[in-house]
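Asks: Return a 3D structure for these sequence lines:
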Amino acid sequence: MGTTQLESVPEPKYWHLKTVLTEALDSEFSVGEILPNERDLAARFGVARATLRQALEQLELEGRLQRRRGVGTTVAPPRVGVAVGTEQHAWPGAVADAWQPVDCEQAAPPAAVAAALETGADDAVHTVRRSRMSHGQPVATELLYVPAASVPDLTAIGAPSGPARARAVLRELQHRTLEGQDRAVELGSARADDAKELDRLPGSPVLVVTTRFFAAGRTAALSVATYRADTCRLTFGDSPDVEIHHDPERQAS
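Replies: Just a heads-up that it's a prediction; the model follows:
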């Protein structure tokens with residue numbers, strides 16, 4: 001691998017270096033491959049390590065690189081498709097749903113969620129935790145709040161706790177007639193629990209997608225999904241396809 005010296009350019013040197021690094025990522029590295037250390041990269045491109053760090057940070061913000069604790073800087077996988085199009089009309093857990101059930105518990109939800117679901121402040125609801133992976137890496141986590149009234153037959157099912165009960169709640173939702181849904185997207189920062197699940201540092205940028213599902217004239221379920229803002233890109237319109245970057249802060253609207 002030869003040495004490439006940067007010529008004098010009117011734009012900031014780190015920005016030009018970012019372009020050069022992008023070309024190198026496209027031609028010399030594969031997804032998940034660990035980049036050489038900063039000293040070697042700085043020597044190769046003939047720049048100061050401070051300039052190199054600026055370029056690497058920009059590439060991380062753009063979703064081209066991932067910094068993994070205990071591993072180093074790796075080439076990020078392609079952005080993940082996330083369905084937020086207006087034509088999508090299905091309950092969570094339907095066929096082709098990319099989310100994986102992780103756990104389920106009954107507990108009183110945050111006040112904003114209780115207000116949206118029109119449940120009492122102390123009324124327990126089914127809280128289904130799900131995750132989404134891409135190329136073996138976590139890209140999103142979700143909390144799905146389902147009032148007991150939305151799955152009235154669930155108590156008759158001897159579903160244990162954990163993923164099995166989560167799947168039982170999702171199956172019962174499919175029996176309801178979905179009348180519609182709406183979404184809101186916010187930029188936030190990862191809370192400690194989300195950061196741990198997404199393998200990010202607390203405070204990392206995230207996208208929070210809040211979805212309300214309607215049945216029988218009321219909100220039958222509410223989803224708060226937290227996406228890594230560095231690996232997800234959301235597109236809107238009639239197509240359900242959406243691409244994802246990394247982490248938003250969980251909020252209910």
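
Asks: CA only for contacts and neighbour counts going forward, please
Replies: Noted.

Asks: how about low-confidence regions in the stretch 151-253 of the chain?
Replies: 155-160, 234-253 (pLDDT under 70).

Asks: try 50 this time
Replies: Across the stretch 151-253 of the chain, the ranges flagged by pLDDT under 50 are 239-253.

Asks: quick one: the helices in it?
Replies: Remark: helices assigned in the stretch 151-253 of the chain by DSSP state H, counting those that start in this stretch are 163-173, 192-198.

Asks: With mean neighbour count and distance to H126 as added columns, please give the ones you listed in JSON lines.
Replies: Below are those laid out as JSON lines (neighbours: other Cα atoms under 10 Å; distance: least, Cα to Cα, whole Å):
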{"stretch": "helix 163-173", "mean neighbour count": "20", "distance to H126": "8"}
{"stretch": "helix 192-198", "mean neighbour count": "18", "distance to H126": "19"}
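
Asks: Redo those as TSV? Include distance to D122.
Replies: Formatted as TSV, those follow (distance: least, Cα to Cα, whole Å):
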stretch	distance to D122
helix 163-173	20
helix 192-198	23
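
Asks: Quick one: closest of those to V208.
Replies: With Cα to Cα as the measure, helix 192-198 is the member of the helices of the stretch 151-253 of the chain nearest V208 (11.1 Å).

Asks: my guess is P163 contacts E105, does it?
Replies: No - with contact defined as Cα atoms under 8 Å, P163 does not reach E105; the gap is 9.9 Å.

Asks: Which residues are in contact with R53?
Replies: Shown in contact with R53 (Cα atoms under 8 Å, 6 or more residues apart in numbering): E38.

Asks: Helix, strand or coil: sort out it for me.
Replies: Classification of R53 using DSSP: H, G, I helix; E, B strand; the rest coil returns helix.

Asks: What are the boundaries of the strands in the stretch 151-253 of the chain?
Replies: With DSSP state E, counting those that start in this stretch, the ranges of strands along the stretch 151-253 of the chain come out as 180-189, 205-215, 218-228, 243-244.

Asks: out of those strands, nearest to E172?
Replies: Among the strands of the stretch 151-253 of the chain, strand 218-228 sits nearest to E172 (Cα to Cα), with 11.8 Å.

Asks: Name every strand pairing with that closest one and say which way it goes.
Replies: Using DSSP bridges, the strands paired with strand 218-228 are strand 137-146 (antiparallel), strand 205-215 (antiparallel).

Asks: can you list the ones you listed in CSV and add distance to A221 and mean neighbour count?
Replies: Output for the strands paired with strand 218-228, formatted as CSV (distance: least, Cα to Cα, whole Å; neighbours: other Cα atoms under 10 Å):
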stretch, distance to A221, mean neighbour count
strand 137-146, 5, 23
strand 205-215, 5, 23
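
Asks: Would you mind giving the ones you listed as TSV with distance to S27 added?
Replies: Conversion of the strands paired with strand 218-228 to TSV gives the following (distance: least, Cα to Cα, whole Å):
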stretch	distance to S27
strand 137-146	23
strand 205-215	28
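
Asks: Those: which one's closest to T19?
Replies: Comparing the strands paired with strand 218-228 by Cα to Cα, strand 205-215 comes nearest, at 22.9 Å.
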